[in-house]
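>>> Sequence plus predicted model, see below.
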Amino acid sequence: MYYPLLKNSNNEMKALKELKEESRQKLIPIIESKRIKRTNLQNWEASFRTIGRYLKERVKDTKFIYDFNCALEELGEETMLTSTAGENLVEHCLQKMREEGLEVIPCFQHDSPEWLIRSVLQSNYSEVAIRVRCHDFQESFNRFVVQKLKDDLQSVGSDVEVTLILDFFDQSTTVNRIQNTIDEFSKINHAHLVYLATACPDNASGADAHSLTMVGPRAEFDTFLTLKSQNTVLKFGDYTTRLKGEVLTGFNHYNSYVKIFYSTETEYWIAKSELIGNDGEFSFHEVCQALIDQDFYPGADFSFGDNEIQKCANREITIGDHQKPIAIGVNHHIETTIAQLSRYSPIVPSLKG
C-alpha cells in the first residue's frame, strides 16, 4: 500500500477522485482535516456539516486515514470544540462519515490534545493511526514519544491495529537516524510503520519562466528503497507535489505564474508559464508541449493529469489558474508512485468485505 498525504481541499481531492479504478485499491491516502480559522471558531460546526457527503463523492470506497489534529493547527492550545448536539470535533466528523459508509481510519498526532486522542481511541474503530512528526524533535526524544504512545494505547484492546506514520517532512536527515527511529517505534505492539517524507520543492522559484525545469531528485523514494532492504514490511508515503507553505496574504494573481509540479520516477520538474499579468496562461501550451515531448512523459492515457497536460499542449484547454495545476500534478504523482511501488515491491490490493 502507498500512503500519499493530501489536504482536504478541492484540488487535491480532485486528484484523488480522478485516479484509475485499479489504482484506488493500491493506496490508503492520509487526508488532513480542513483547518478551523480562529475568526470562524464560533461557527466551526458549519464547516464540517457536509464532510461525509463531500468525502464520499471524492474518496468513494477507498479506505483512508483522516488526521483530525490538522483542524486545530491555526488555533494553538484550543479547548475541546463541541457541536450544538454535544459532540466534539472528532465525534461530529466520524458520525458524518459513518452516515455515508466511509471506510475511515481515525488519526491523531503524537502531541494532540488529550480530548482528541481519547475521542479517537474510544471511537470503537478496529484500526487507528498516529502521525508522529519526527521532523519536530531530536532523535533522543524517540523513546519518550514511544512511551507516551504506549500509555495512550493502553485504553484500546490488543486487537486494534495501529498505523504509525513516521513523518520526516522535508528534513535533511541520515538513513541511520531514520532506521533508529524505526527500531524504536517498532517496540509498539501491533503497529504497522509508514515512512513519510518529501524532497519536492515548496515553491517554484528555482524554475525558469516559460520553461520546463528539473528542480531536484526524488530523494525520499531512494531513501525508502534503502530502508526497505532492511525493513521488509515498511510502507511508503509522501507529500506528493503539494505546497505546504503558509497561506499567502496580499497575493497578486497577475504577478504570479501557472505552475505544474511534475514527477518522474527519479526527479521533480516544474512546468512554469510566463507571468499571468503578461498573458502567460495563453502561451503555457508551449511549455506543456515541451513536457509531452520528453522521453519521461508516459502518454495521455497514463493519468487524468497527463491527459489534461496533453489537452493544454494541443490547445484544447487553457490552464490559467493556480488550482487546476495542483490537481494535475498530484494525480500524475500518485499514479507514478503506485506504478513504481508495484515494480519494486508488488502492492497487494485491499480486500473488501
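Thanks, I have the structure now. Fair warning: this is a prediction, and the values are worked out from it, not measured in the lab.

>>> any idea where the helices of the stretch 201-350 of the chain begin and end?
For the stretch 201-350 of the chain, the helices defined by DSSP state H, counting those that start in this stretch cover 219-228, 284-292, 304-313, 324-344.

>>> could you redo those as CSV and give each row mean pLDDT, mean neighbour count and distance to Glu87?
Any C-beta I mention is one placed from the backbone N, CA and C, and that applies to glycine too. Putting the helices of the stretch 201-350 of the chain into CSV (pLDDT from 0 to 100; neighbours: other Cβ atoms under 10 Å; distance: least, Cβ to Cβ, whole Å) gives the following:
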stretch, mean pLDDT, mean neighbour count, distance to Glu87
helix 219-228, 95, 18, 38
helix 284-292, 97, 20, 46
helix 304-313, 98, 22, 36
helix 324-344, 95, 23, 32
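
>>> Could you export those helices as JSON lines, including distance to Asn88?
Output for the helices of the stretch 201-350 of the chain, formatted as JSON lines (distance: least, Cβ to Cβ, whole Å):
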{"stretch": "helix 219-228", "distance to Asn88": "35"}
{"stretch": "helix 284-292", "distance to Asn88": "45"}
{"stretch": "helix 304-313", "distance to Asn88": "37"}
{"stretch": "helix 324-344", "distance to Asn88": "31"}
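
>>> and Gly101, which of those is closest to it?
Smallest distance to Gly101 across the helices of the stretch 201-350 of the chain (Cβ to Cβ): 23.3 Å, for helix 324-344.

>>> Quick check: which helices or strands does that closest one pack against?
Using 3 or more Cβ pairs under 8 Å, 6 or more residues apart in numbering; DSSP states H and E as the contact test, the elements touching helix 324-344 are strand 2-7, helix 10-17, helix 21-24, helix 219-228, strand 235-238, strand 257-263, helix 304-313.

>>> returning to what we had before: any idea which of the helices of the stretch 201-350 of the chain gets closest to Arg98?
The nearest among these, by Cβ to Cβ, is helix 324-344 at 26.3 Å.

>>> chain center to the closest one, what's the gap?
12 Å (Cα atoms, centre = their mean, to the nearest Å).

>>> Turn the helices and strands packed on helix 324-344 into a markdown table, including distance to Ser83.
Listed next are those as a markdown table, based on distance: least, Cβ to Cβ, whole Å:
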| stretch | distance to Ser83 |
| --- | --- |
| strand 2-7 | 23 |
| helix 10-17 | 23 |
| helix 21-24 | 31 |
| helix 219-228 | 38 |
| strand 235-238 | 31 |
| strand 257-263 | 37 |
| helix 304-313 | 36 |
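
>>> Which one, of the ones you listed, ends up nearest to Asn69?
With Cβ to Cβ as the measure, strand 2-7 is the member of the helices and strands packed on helix 324-344 nearest Asn69 (13.0 Å).

>>> From the chain's centroid, how far away is that closest one?
Using Cα atoms, centre = their mean, the offset of strand 2-7 from its chain centre is 3 Å.

>>> sorry, back to before: for Gly329, which of the helices and strands packed on helix 324-344 is the nearest?
strand 257-263 (4.3 Å).

>>> quick revisit: which one of the helices and strands packed on helix 324-344 lies closest to Ser33?
strand 2-7 (9.1 Å).

>>> State the mean pLDDT of the closest one.
Mean per-residue pLDDT for strand 2-7: 97.

>>> Poorly predicted segments of the protein, please.
For the chain, applying pLDDT under 70 flags the ranges 77-79, 243-254, 345-353.

>>> how about the strands in it?
When assigned using DSSP state E, the strands of the chain occupy the ranges 2-7, 30-32, 64-67, 104-109, 127-133, 161-167, 191-197, 211-217, 235-238, 257-263, 267-275.

>>> Among those strands, which comes closest to Lys17?
That would be strand 2-7 among these, by Cβ to Cβ, at 11.1 Å.

>>> How about residues contacting stretch 67-76?
30-38, 41, 78, 89-90, 93, 106-109, 112-113, 116, 120, 129, 131 (Cβ atoms under 8 Å, 6 or more residues apart in numbering).

>>> and that stretch, how far apart are its ends?
End-to-end span of stretch 67-76 (Cα to Cα, to the nearest Å): 16 Å.

>>> for it, which positions count as buried?
Asp67, Phe68, Asn69, Cys70, Ala71, Leu72 (16 or more other Cβ atoms under 10 Å).

>>> Likewise for stretch 262-276?
Tyr262, Ser263, Thr264, Tyr268, Trp269, Ile270, Ala271, Lys272, Ser273, Glu274, Ile276.

>>> gap between the most far-flung residue of the chain relative to its centre and Gly206?
For the chain, the largest distance from the centre (Cα atoms, centre = their mean) belongs to Asn278, which lies 32.9 Å off. Distance check for Asn278 against Gly206: by Cβ to Cβ, to the nearest Å, it reads 20 Å.

>>> Please apply the same query to Leu291.
Distance of Leu291 to Gly206, given as Cβ to Cβ: 17 Å.

>>> returning to what we had before: tell me which of the helices of the stretch 201-350 of the chain sits nearest to Met1.
Proximity to Met1 (Cβ to Cβ) singles out helix 324-344 among the helices of the stretch 201-350 of the chain, at 8.5 Å.
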